[in-house]
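Visitor: Pasting a predicted model and its sequence here:
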Amino acid sequence: PARQRLDAGEGAGAPGRLIFAIPDHPWVDTEGGAAVRVAMTVADLGNEIGQLLTVTSERESVGEASTPIVTYHSASGRINSDLTIGADVTLAKPLAANENICFQGMNLVGEGFRITPAEADSLGRCPIIKPYQKAKNLLQGGDSGLVIDAYGLSAEDLQREYPAVYQHLYEHVKPERDENNRASRRNNWWLFGETVGKLRHALRGLTRYIAVVETSKHKPFVFLDAAIVPDHKLYAIASDDALHLGVLSSRIHLTWAEAAGGRLGVGNDPTWTNTTTFRPFPFPTPTTAQAARIRDLAEQLDAHRKRQQNAHPDLTLTGMYNVLTKLRNNESLNAKEQNIHTQGLVTVLRQLHDDLDAAVAAAYGWPVDLPEADILTRLVALNAQRAAEEKAGKIRWLRPEFQAPASTQAAPAKVPWPKPVAERMALVRARLTAARDGGLTLSALRTGFTGAKVGDLEDLLTTLATLGHARQADGRWYPL
């Protein structure tokens, strides 16, 4: 079940506290009962220490009894409103630094929007036919197909510019939409049920974005091409920066996500949402070298998984991460898992994650082997610190040029391109240092000077790289 946020008596003058809780228990009422999970709590007056039971195993009973046999781990302490003991992640506040770049994907509300390649050919392969990514296929493999995305077009525009597509939607979507309870969906039958305009705005100018499945056992963060339409069971983070993918893929964030996001469904899988998981999460403030290391490892991680899946079409992210979990737990692999290990080079995957965990921990200034309880305690404290900073006016935007363009520093004034090479080098290094972790493209760097030729600037940057004063990555130049 989604983790409950229960009122433990604070803020209303009542001294009540939770004294007993089981946050996640199988429903065992009757034979053939619903496949659901429940939470159980007991509250009392006073500031008492509570007992928290966590289910460690479940197995079917033998004989006529239909109830499963459940074993528990018991812990004592103050029970938080989210039915945990230790750092109270429910106290974390959403941070302005993380706003307006993470959104749930598109909810089609009409299967007729989805089409096959053959149907796309018959409709003319027009620009409003786009690749589609379903959450299930991201993890389990398989082609998610194509969708008709008429966002920005009126019905009249659609009929005039793409008559074949209009007729397809009229015949395959409109009848279903005519029965929809929401007037906006009935009236705008040719558009997705949720078009998520804010996400589209945030993706402008990006060639890729980060995606993660809302509810799943594993939480691999992956880069998707910006042309791909994400479905509503995916969350899209509008950033093309591998630094962000690396931090989100780290043990530090995944520990936070499991505690803050709760669980859902028959599989009792962890959930990840913008409001509970992403907005309150405090990202680190790495040095230039630390950011470069995280970016490099994150790019390797994303490339490794895609390369192995391209080489082995039946290889899935779920399979790879199931095997990775077994390797971490020193469990033996069966024949199928051995094959996945070989095809996915899962030992390499493990090493990349281990190196990434170490790099992200270093960016926070924390030991890499912190227990999960300590990670949560530090993240809650860091969230409070960031919230206080933001209240005082200091916001560590993830994408300042998009989130707060008016609040970013004005671009340096253009200066004449000097003739002496030494002066050119000094000016370029100064501009790169000012940009720091964001880096600068060659075009952006050139706009800061009048009279600078592309060839001269390229030669100078190459010289700086040779001398160990600059580096290039992903089309951007960074200081060293």
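Guide: Yes, it's here.

Visitor: And the strands in the stretch 51-200 of the chain, which stretches?
Guide: Shown for the stretch 51-200 of the chain, the strands assigned by DSSP state E, counting those that start in this stretch span residues 68-77, 102-104, 114-115, 129-133, 146-148.

Visitor: Please identify the deepest-packed of those strands.
Guide: Highest mean neighbour count of the strands of the stretch 51-200 of the chain: strand 146-148, a mean of 24 (counted as mean count of other C-beta atoms under 10 Å). All C-beta atoms are positioned from the backbone trio N, CA, C, and that covers glycine.

Visitor: quick one: pLDDT of Val266?
Guide: At Val266, the model reports a pLDDT of 50.

Visitor: An error on my part: the question was meant for Asp474.
Guide: Value for Asp474, per-residue pLDDT: 69.

Visitor: same question, the one 5 residues further on
Guide: Predicted confidence (pLDDT) for Pro479: 82.

Visitor: In contact with the residue lying closest to it once chain neighbours are set aside, which residues?
Guide: Nearest residue to Pro479, sequence neighbours excluded (C-beta to C-beta, 6 or more residues apart in numbering): Leu432, at 4.1 Å. Applying C-beta atoms under 8 Å, 6 or more residues apart in numbering, one finds that Leu432 lies in contact with Gly439, Leu440, Leu445, Ala470, Trp477, Tyr478, Pro479.

Visitor: swap in Leu442?
Guide: Listed by C-beta under 8 Å, 6+ apart, the contact set of Leu442 reads Val454, Leu457, Glu458, Leu461, Trp477.

Visitor: ok, it to Leu461 distance?
Guide: As defined by C-beta to C-beta, to the nearest Å, Leu442 lies at a distance of 7 Å from Leu461.

Visitor: could you point out where the stretch 301-450 of the chain is predicted with low confidence?
Guide: Applying pLDDT under 70 to the stretch 301-450 of the chain flags residues 407-413, 435-438.

Visitor: returning to what we had before: a markdown table for the strands of the stretch 51-200 of the chain, including distance to Asn322 and mean pLDDT?
Guide: Shown next, in a markdown table, are the strands of the stretch 51-200 of the chain (distance: least, C-beta to C-beta, whole Å; pLDDT from 0 to 100):
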| stretch | distance to Asn322 | mean pLDDT |
| --- | --- | --- |
| strand 68-77 | 23 | 69 |
| strand 102-104 | 26 | 98 |
| strand 114-115 | 28 | 97 |
| strand 129-133 | 21 | 97 |
| strand 146-148 | 30 | 98 |
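
Visitor: Dump these to TSV, plus distance to Arg17.
Guide: Compiled in TSV, the strands of the stretch 51-200 of the chain are given as follows (distance: least, C-beta to C-beta, whole Å):
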stretch	distance to Arg17
strand 68-77	11
strand 102-104	34
strand 114-115	51
strand 129-133	45
strand 146-148	50
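
Visitor: what's the closest of those to Thr325?
Guide: strand 68-77 (19.2 Å; C-beta to C-beta).

Visitor: coming back round to it: can you check which residues contact both of Leu442 and Leu461?
Guide: Both Leu442 and Leu461 are in contact with Trp477, where contact means C-beta under 8 Å, 6+ apart.

Visitor: sorry, back to before: wait, which of the contacts of Leu432 is closest to Leu206?
Guide: Lowest distance from Leu206 to those (C-beta to C-beta) belongs to Gly439, with 15.0 Å.

Visitor: Report the residue spans of the stretch 151-300 of the chain with pLDDT below the cut-off.
Guide: Regions of the stretch 151-300 of the chain meeting the criterion pLDDT under 70 cover residues 263-268.

Visitor: Break down it into its helices, ranges please.
Guide: Ranges of helices in the stretch 151-300 of the chain, per DSSP state H, counting those that start in this stretch, are 155-161, 163-172, 174-177, 183-187, 197-203, 242-248, 251-261, 288-311.

Visitor: for the stretch 301-450 of the chain, same thing?
Guide: Under DSSP H, counting those that start in this stretch, the stretch 301-450 of the chain gives helices at 317-328, 335-344, 346-364, 372-391, 400-403, 421-435, 442-446.
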